[in-house]
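# Need coordinates for the following:
(chains A and B)
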2 protein chains.
Amino acid sequence: MADGSGHITWIAADWGTSNLRVWLMGPGPKPLVSLEAHTGAGSLTRDGFEGALLDLVGPYLPESGHIPVMVCGMAGSRQGWAEAAYHTVPCKPPGFDDAVPVDCTDPRLQVRILPGVKQTKPADVMRGEETQIAGFLSENNKFDGVLCLPGTHTKWVHISAEEIVTFQTFMTGEMFALLSEKSMLRHSVAKGGHDAGAFAEGLSDAMRRPQAVAAQLFNIRAATLVADMAPGAARGRLSGLLIGLELMATRPYWLGQNVVLIGADALSEIYREALSSQGVVAQMADANTCVLNGLRAAYETMQETTA
Amino acid sequence: MADGSGHITWIAADWGTSNLRVWLMGPGPKPLVSLEAHTGAGSLTRDGFEGALLDLVGPYLPESGHIPVMVCGMAGSRQGWAEAAYHTVPCKPPGFDDAVPVDCTDPRLQVRILPGVKQTKPADVMRGEETQIAGFLSENNKFDGVLCLPGTHTKWVHISAEEIVTFQTFMTGEMFALLSEKSMLRHSVAKGGHDAGAFAEGLSDAMRRPQAVAAQLFNIRAATLVADMAPGAARGRLSGLLIGLELMATRPYWLGQNVVLIGADALSEIYREALSSQGVVAQMADANTCVLNGLRAAYETMQETTA
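Predicted coordinates for the structure are as follows:
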């Protein structure tokens, strides 16, 4: 049995499409152990989830007893471990009372999956972000404004009176990855780094003339061929054009609004920089802390309910 | 020796990034044999080009004599067989006098590569399309208007007084392929077909609010999850959104203009449909005929020059 196993009181899990992140929790607020694996929900069939979880947490489990496992994310999708049907906005982020219990072969695991949230018009969905939002609101219950959750699929979310009122998802991160790694632009764009000047120019060009962005993508390739644009500048410009297009579409979400970025990685910093150029001073909140707080809120409700 | 070898007087070759297309020509205007291979310029190093050409045409070559080979496309790029430096707009499409001769090991091959065309501001480049344009103009020398060449990288080209005046390239085709095959949208979008109604709606939405296209991409995924959008409609809508964004950026190219589409495949038909919805009746010209006519014009100039 591995270290710390004697103290585990519950387990928190954020099970996304590509990754499974798990925190082994003791009685205190800090995780005893943090684990991560590439066994994302996208790579598993229904009967593979319990095994994937046990592969990661098995060595830490006590030999007997019941360990509550609070799960959010794509594990709750129709193709996931067990469907936790979407709640519909406007609604509070789902909590323990909405969680779907999952029968496990291993009697030590008491798994519950939190539902995602959907919007009917315009159609939109989230799975996992609602739990980050729950965690953020658990520490900021008077918050009224906009949360932006940058990522592969960035979400912009209107919060009022502890409810998710409306939200919108953007594929900007995935588009950037596809264009910079898989398209013909890969020959022009640096693999990393952030050229703030080229980013700011791309952002400004896209916001001034969003209808021209389609033209300016190939232009990056041509400019590196015939106008000596450097690969770092090409990367910054591509990022600026795509985020500029997103900011044009989300103007009602940030213009004159109280914006908090839930992130903490380099991408969130780029969003902060972009919003700052538009006169919006965004606050930052840590995404890991938020999702863990959201899962903990569900666990604490469970304790109160079953006490 | 294969059939028809006795009649070959010259060879036409369109050597793109992904494919090599070759026509074995006799004394008449029609090819004796058409050949195609996946030995595109993107997959070859400099010393691989002659071998790749011989693999395809070797069996048809006479045992002695000299066969002119007119080549256009990426074989003339810096990383290609031999660099044929870009001409700069405004200019006529390059012809035989601009072609770069290539030394071959096989004495029967007399290879000449036609240059591409570049534009300095905004930076843009073409290699191969200029020869389609030359071919189109060889039969329509009074043409004044706009040529649209749909493809992976669609080109819009202003023609006046037999010159390429200005042009602009769009990655719409490549974006569509990446989004429909490699992004999360692949789970929502049909593999083929064309839903004209969904296409028209996507086109109209993008042209009305180009700044919102970034939002409407993820919306396609969500709509198939929570609003029963069919995969065929999702494909049509994605195509409509992307081509709509392109039409917004190219408005000066088509609004009130005399437009000819050089294509003939399903994609050109979709562009024709899109332009038609904007009140533009585009004519169609066959891309294969155009590129062959362009290569023939170079061959005929060579004959006149050396006669």
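# And A:Ala266, what's its pLDDT?
A:Ala266 carries a pLDDT value of 89.
# okay, now it: neighbour count?
10 (other Cβ atoms under 10 Å in any protein chain shown). Just so you know, the C-beta spots here come from the backbone N, C-alpha and C atoms, and that holds for glycine as well.
# Not counting sequence-adjacent ones, nearest residue to it?
A:His194 (7.1 Å; Cβ to Cβ, 6 or more residues apart in numbering or on different chains).
# Helix, strand or coil: sort out that neighbour for me.
Under DSSP: H, G, I helix; E, B strand; the rest coil, the three-state class of A:His194 is coil.
# Go ahead and report the secondary structure state at the nearest residue to A:Ala85 once chain neighbours are set aside.
Nearest residue to A:Ala85 in three dimensions, chain neighbours excluded: A:Pro115, at 6.0 Å (Cβ to Cβ, 6+ apart). Classification of A:Pro115 by three-state DSSP places it in coil.
# So A:Pro115 versus chain B, what's the distance?
A:Pro115 is 13 Å from chain B, where distance means Cβ to the nearest Cβ, to the nearest Å.
# Which parts of the stretch 1-150 of chain A are helices?
A:49-57, A:129-139 (DSSP state H, counting those that start in this stretch).
# Pick the most buried one from those.
helix A:129-139 (a mean of 25; mean count of other Cβ atoms under 10 Å in any protein chain shown).
# average model confidence for that helix?
On average, helix A:129-139 scores 98.
# try stretch A:195-212
95.
# again with stretch A:81-93
Mean pLDDT, stretch A:81-93: 98.
# Only the buried residues of that stretch, if you could.
Buried residues in stretch A:81-93, defined by neighbour count with 16 or more other Cβ atoms under 10 Å in any protein chain shown: A:81-82, A:84, A:86-87, A:89, A:91-93.
# What of stretch A:23-34?
A:23-25, A:31-33.
# Quick check: the two most widely separated of those residues?
Longest distance between any two of the buried residues of stretch A:23-34 is 9.1 Å, between A:Met25 and A:Val33; criterion Cβ to Cβ.
# that older thread, can you tell me which of the helices of the stretch 1-150 of chain A comes nearest to chain B?
helix A:129-139 (12.6 Å; Cβ to the nearest Cβ).
# hmm, who's touching that closest one?
Helix A:129-139 has contacts (Cβ atoms under 8 Å, 6 or more residues apart in numbering or on different chains) with A:14, A:72-73, A:87, A:92-95, A:114-117, A:143, A:147, A:149, A:155, A:157, A:159, A:162, A:164, A:260, A:262, A:285, A:287, A:289-298.
# Looking at the residues you listed, which are in strands?
A:14, A:72-73, A:87, A:117, A:147, A:149, A:155, A:157, A:159, A:164, A:260, A:262, A:285 (DSSP state E).
# Go through these and say which is closest to chain B.
The closest of those, once distances to chain B are taken by Cβ to the nearest Cβ, is A:Lys155, at 9.3 Å.
# That closest one contacts A:Met171, doesn't it?
No. Using Cβ atoms under 8 Å, A:Lys155 is not in contact with A:Met171; the gap is 11.2 Å.
# Give the full set of residues in contact with A:Glu201.
A:237, A:240.
# What is the three-state secondary structure of it?
Under three-state DSSP, A:Glu201 comes out as helix.
# Check the gap between it and chain B for me.
From A:Glu201 to chain B the distance is 13 Å (Cβ to the nearest Cβ).
# Likewise for A:Met184?
6 Å.
# Just give the nearest non-adjacent residue to that residue, would you?
A:Met184's closest residue in space is A:Arg221 (Cβ to Cβ, 6+ apart), at 5.9 Å.
# helices and strands around the strand or helix carrying the one you found, which ones?
Assigned by DSSP states H and E, A:Arg221 belongs to helix A:213-226. Judged by 3 or more Cβ pairs under 8 Å, 6 or more residues apart in numbering or on different chains; DSSP states H and E, the packing partners of helix A:213-226 are helix A:196-208, helix A:231-249, strand B:117-119, strand B:124-126, strand B:163-170, helix B:231-249.
# Any chance of these in TSV with distance to A:Arg186 as columns?
Shown next, in TSV, are the helices and strands packed on helix A:213-226 (distance: least, Cβ to Cβ, whole Å):
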stretch	distance to A:Arg186
helix A:196-208	17
helix A:231-249	10
strand B:117-119	21
strand B:124-126	16
strand B:163-170	16
helix B:231-249	19
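# Can you lay out the helices of the stretch 1-150 of chain A as a markdown table showing distance to A:Glu201?
As requested, the helices of the stretch 1-150 of chain A are exported to a markdown table (distance: least, Cβ to Cβ, whole Å):
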| stretch | distance to A:Glu201 |
| --- | --- |
| helix A:49-57 | 44 |
| helix A:129-139 | 31 |
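# quick one: which of those helices is nearest A:Met184?
Going by Cβ to Cβ, the one of the helices of the stretch 1-150 of chain A nearest A:Met184 is helix A:129-139, 32.5 Å.
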